[in-house]
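Peer 1: can't give you the sequence, but here's the structure:
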């Protein structure tokens, strides 16, 4: 004979801890969100203000099933029952042995409907690979109750279905691209991938906030209660459930992290973030790769990306599951009307989430606008208008013939470690990524130098340099003669550029012997960009000034480059 008990406090639930955990152990549960430690920690920290009700179905006095519900009363006595943990728990389930589950579900639904009459069930996180959703459908069909089901894709990697060499071969191009960026970063400094201490997760939350500073974040990951929840959960490790945080560090500075919740062979990727200043190096991809390979080495069976349509999940997956939201009500007019409203909301939400353009517009465009109106300064407003609305740039490229000098060096090259605490770190790191060398005299950065290309980053303009030539920029005019001496000490020719309004700079360049090579005009209106230039002027320049043998070599090579 079945009967149920109602638990409304954590202290009451504590007496059932062993029974709860033993059921999940026997069923080899791999859903971390229904483990006792997760439920109790959520209830204690996040859900203590909510009306949590744990229904325990018993058979002859022995607990055989647990239903973790939140019970609310809505619109004239409609009783809504939802799984707890919504917003943090991607998956939820009825905690029961398989042989008792259907009987327990049907019994409790019947009892709740009989007791409250007007009832609405909103049950999220039901995996289609499990049997709870079919059991619910069977009950609604048998009792002719209205219901709706919404499903979201859930990609994952099943490492038992594919050998690691085959997985690496399948994604050979992607791994090659990631390895190339990793090599680029390793050339500049030391990269480490290590587990974070459970008692010190501040770096993770700070990094996540910086990552989403100019984006619309609806996860609430850095909310105070959520932070306290994960910090507490990290301390409550047991054999079945564990929370793991790994960091990707460059020169002991966090540039990426992953937060994984592991349960009996399933590694659930709950959150991932990276330092936006390092975007060009792809730290998100680097830590993603390391995390997958680490999971495989630890004999994880399922590497779960969670619900959603984010593109990166479909880059790696081997299998697809679906997560359902089940909405069911009794047949009364009021509860049917409320269910209809909720169904319309869910339908609209599903339509939006499957449209990648809408998702990116909301996340990126609205997020940037919110940042501009709440936190941005005048310079950021001007930069945004320049980059995204209208921009015009006219500049001239100058060239100084190579000359072997004997001057003493007055400048010191700056390594990347020296700029990690700089206020202009974002801009400086971008220079390193593009291949610039940074030089200083005393403390201030004196000039930038590139030995392969002319770069005008604001416009996306790039021109390959002739052999034995370097490009300099971001210098002060009083130091230009010293910079020229520094470069010519190596016997190199020099290229630089000057804007049309920089008449002092153009006059100084001419006085130092620089010759005009080409004028470039770039105009941009929103996404439409036009570049007006004459590449042949490079050839004409070397024809006119190409008496020296080395300059003829320039001409021969430039004919292939242009």
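Peer 2: Looks like it came in fine. Remember, it's a predicted structure, so these values are computed and weren't measured experimentally. Numbering: from 1, shown residues only.
Peer 1: Looking at this protein, which helix is longest?
Peer 2: helix 333-353 (DSSP state H).
Peer 1: hang on, residue 88 packs against residue 46?
Peer 2: Yes. Between residue 88 and residue 46 a contact is recorded at 6.7 Å, counting by Cβ atoms under 8 Å. Using the backbone N, CA and C atoms, a C-beta is placed for each residue, glycine as well.
Peer 1: on that earlier part again, mind listing what's buried in the longest helix of the chain?
Peer 2: 334, 335, 338, 339, 342, 346 (16 or more other Cβ atoms under 10 Å).
Peer 1: Please apply the same query to stretch 263-271.
Peer 2: So stretch 263-271, judged by 16+ other Cβ under 10 Å, has buried residues 263, 264, 266, 267, 268, 269, 270, 271.
Peer 1: tell me the mean pLDDT for that stretch?
Peer 2: For stretch 263-271, the per-residue pLDDT values average out at 95.
Peer 1: now swap in stretch 104-124 and tell me
Peer 2: On average, stretch 104-124 scores 96.
Peer 1: starting at the chain centroid, how far to that stretch?
Peer 2: 39 Å (Cα atoms, centre = their mean, to the nearest Å).
Peer 1: Can you pull out the residues in contact with it?
Peer 2: 2, 4, 55, 57, 64-65, 67, 74, 77-83, 86, 89, 92, 94, 96, 132, 135-136, 139, 325-330, 332, 334-335, 338-339, 342 (Cβ atoms under 8 Å, 6 or more residues apart in numbering).
Peer 1: Could you say which helix or strand holds residue 423?
Peer 2: In this structure, residue 423 sits in neither a helix nor a strand according to DSSP states H and E.
Peer 1: before we move on, the earlier item: taking the contacts of stretch 104-124 one by one, which sit in helices?
Peer 2: Short answer: the contacts of stretch 104-124 in helices (DSSP H) are 132, 135, 136, 139, 334, 335, 338, 339, 342.
Peer 1: ok, these vs residue 221, which is closest?
Peer 2: Distance to residue 221 across those (Cβ to Cβ) is lowest for residue 342, with 25.4 Å.
Peer 1: got the contact list for that closest one?
Peer 2: When contacts are taken as Cβ under 8 Å, 6+ apart, residue 342 is in contact with 120, 122, 327.
Peer 1: And these, which is closest to residue 485?
Peer 2: Using Cβ to Cβ, the contacts of residue 342 come closest to residue 485 at residue 122, 74.4 Å.
Peer 1: tally of neighbours for that closest one?
Peer 2: By other Cβ atoms under 10 Å, the residues close to residue 122 number 19.
Peer 1: Just the buried residues from the contacts of stretch 104-124, in ChimeraX please.
Peer 2: The ChimeraX selection below is limited to those of the contacts of stretch 104-124 classed as buried (16+ other Cβ under 10 Å):
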select :2,4,55,57,64,65,67,78,79,80,81,82,83,86,89,92,94,96,132,135,136,139,325,326,327,328,329,330,334,335,338,339,342
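Peer 1: Just to be sure, residue 367 is in a helix?
Peer 2: Yes. Counting by DSSP: H, G, I helix; E, B strand; the rest coil, residue 367 is part of a helix.
Peer 1: Might one say that it is in contact with residue 212?
Peer 2: Yes. Residue 367 lies in contact with residue 212 (Cβ under 8 Å); the separation is 7.5 Å.
Peer 1: where do the helices sit along the stretch 251-400 of the chain?
Peer 2: 283-297, 311-316, 333-353, 356-360, 367-374, 378-388 (DSSP state H, counting those that start in this stretch).
Peer 1: weakest of the ones you listed by average pLDDT?
Peer 2: helix 378-388 (a mean of 66).
Peer 1: ok, now which ones touch residue 160?
Peer 2: By Cβ under 8 Å, 6+ apart, the neighbours of residue 160 are residue 301.
Peer 1: and it, that's in a helix?
Peer 2: No. Using three-state DSSP, the secondary structure at residue 160 is coil, not a helix.
Peer 1: for it, phi and psi?
Peer 2: Backbone torsions for residue 160, taken as degrees, to the nearest 10, come to phi -80, psi -10.
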